[in-house]
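Engineer: Everything below, folded, please.
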Amino acid sequence: MSTKKILFLVAFTVCGLLAADGFAQSVEEAVEKTAKDAAKTAIEEVESEVNTKLEKRKAKKDKKRKKLEAKPEKEVIEAQKKATKQEAEEQEQPQTQVQESQPDKPEEKSSNEVPANGDRTQAYLEEFKKLDVSYIGSTQNCVGYNVYAIKYKRTWFLATNVNESPVLSVFVEKPPRTEDAFPVASPFLVEGLKGILVNQYAKKKNRRKKVKDLQLYGFYKLKRPGRQAAKGLLLIEYPKELNKEPDFFLFKMFYDMFNKKKEEMKPDPNIQKQFEDKLKAPLDKAKEELSTVSK
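Structural biologist: Alright, predicted model coming up:
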């Protein structure tokens, strides 16, 4: 072979090798690019799914929060309506009784007479208005109301007053010895709370506290005399069940044993006879005097 042919073959093989290397690199780059694009699209799909799920959860939480915020406002409005109806009925009842018993006689007001329910509620409202407001809210009808909070252990006394209204409603949150949820306080309990405030048995605490869905800022905590008074008021408002059978089996056994002993104990007839003999003489004298007076 001539040198020209040899050189031509060498050049041809070199060009073929270079072309093969370039084709292999282009194939590798194309594969890498497609793999990156596929991974990117997969990541974007996963992110979009996660975002949609998070948005749905957020929407559900917002709905629940709105429902919970609407509930206490409804309870406050309904309880205030009930309180106003009860007070109106209580005011009407004594007036009708007086008119039936004494239709011709004019009404006489004495200095020692107890004020009417309207005057009482006005006095309670004035006393509570001296406190700092713990919560300011508004109903769905854009009617504003104030909440005055007093804390005793786990129990909360929440006094509410609708703006420009003389009505005061007091609610008890977590009352002891009862299963009633958020009951309305009786006039007796409201009178006792007014006495606690008049005697300055409560001190203010500048702290945040959450009661149900009400975010209170600043509330009143009872001092030692106030705690003693509140304990007595709650005992009368929500009395204890005396002689209640215990649940624990050991206590129940002792309870049954002592109760059987009390039932088996019989009164001593001799003591009864002594009482009868001692009471017989004054009774006979009283009968004789009655007979002489009747004659």
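Engineer: going forward, measure contacts between C-alpha atoms and count neighbours the same way
Structural biologist: Will do.
Engineer: Just the buried residues of stretch 155-167, please?
Structural biologist: 156, 157, 158, 159, 160, 161, 162, 166, 167 (16 or more other Cα atoms under 10 Å).
Engineer: Where in this structure is the helix or strand with the lowest mean pLDDT?
Structural biologist: Lowest mean confidence among the helices and strands of the chain (mean pLDDT, DSSP states H and E): helix 249-264, at a mean of 63.
Engineer: Low-confidence regions, the stretch 101-250 of the chain specifically.
Structural biologist: Applying pLDDT under 70 to the stretch 101-250 of the chain flags residues 101-121, 241-250.
Engineer: same thing but at 50, please
Structural biologist: 101-115 (pLDDT under 50).
Engineer: just the strands in it please.
Structural biologist: For the stretch 101-250 of the chain, the strands defined by DSSP state E, counting those that start in this stretch occupy 135-138, 144-152, 155-162, 169-173, 202-211, 214-222.
Engineer: For residue 292, find the nearest of those.
Structural biologist: Among the strands of the stretch 101-250 of the chain, strand 169-173 comes nearest to residue 292, with 60.4 Å by Cα to Cα.
Engineer: just checking, what packs against the closest one?
Structural biologist: Contact here means 3 or more Cα pairs under 8 Å, 6 or more residues apart in numbering; DSSP states H and E; on that basis strand 169-173 packs against helix 3-101, strand 155-162.
Engineer: Can you list the neighbours in contact with it?
Structural biologist: With Cα atoms under 8 Å, 6 or more residues apart in numbering as the test, strand 169-173 has contacts from 79-80, 83, 155-161, 181-185, 190.
Engineer: That strand to strand 144-152, inter-axis angle?
Structural biologist: Put simply, strand 169-173 runs at 50 degrees to strand 144-152, going by axes from the mean of the first three to the mean of the last three Cα atoms, to 10 degrees.
Engineer: buried sites along stretch 204-221?
Structural biologist: Using 16+ other Cα under 10 Å as the test for burial, stretch 204-221 gives 214, 216, 217, 218, 219, 220, 221.
Engineer: Quick check: nearest residue in space to residue 156, chain neighbours excluded?
Structural biologist: Excluding the flanking residues, the one nearest residue 156 by Cα to Cα, 6 or more residues apart in numbering is residue 173, at 5.0 Å.
Engineer: Count the neighbours of the one you found for me.
Structural biologist: Close neighbours of residue 173, defined as other Cα atoms under 10 Å, add up to 19.
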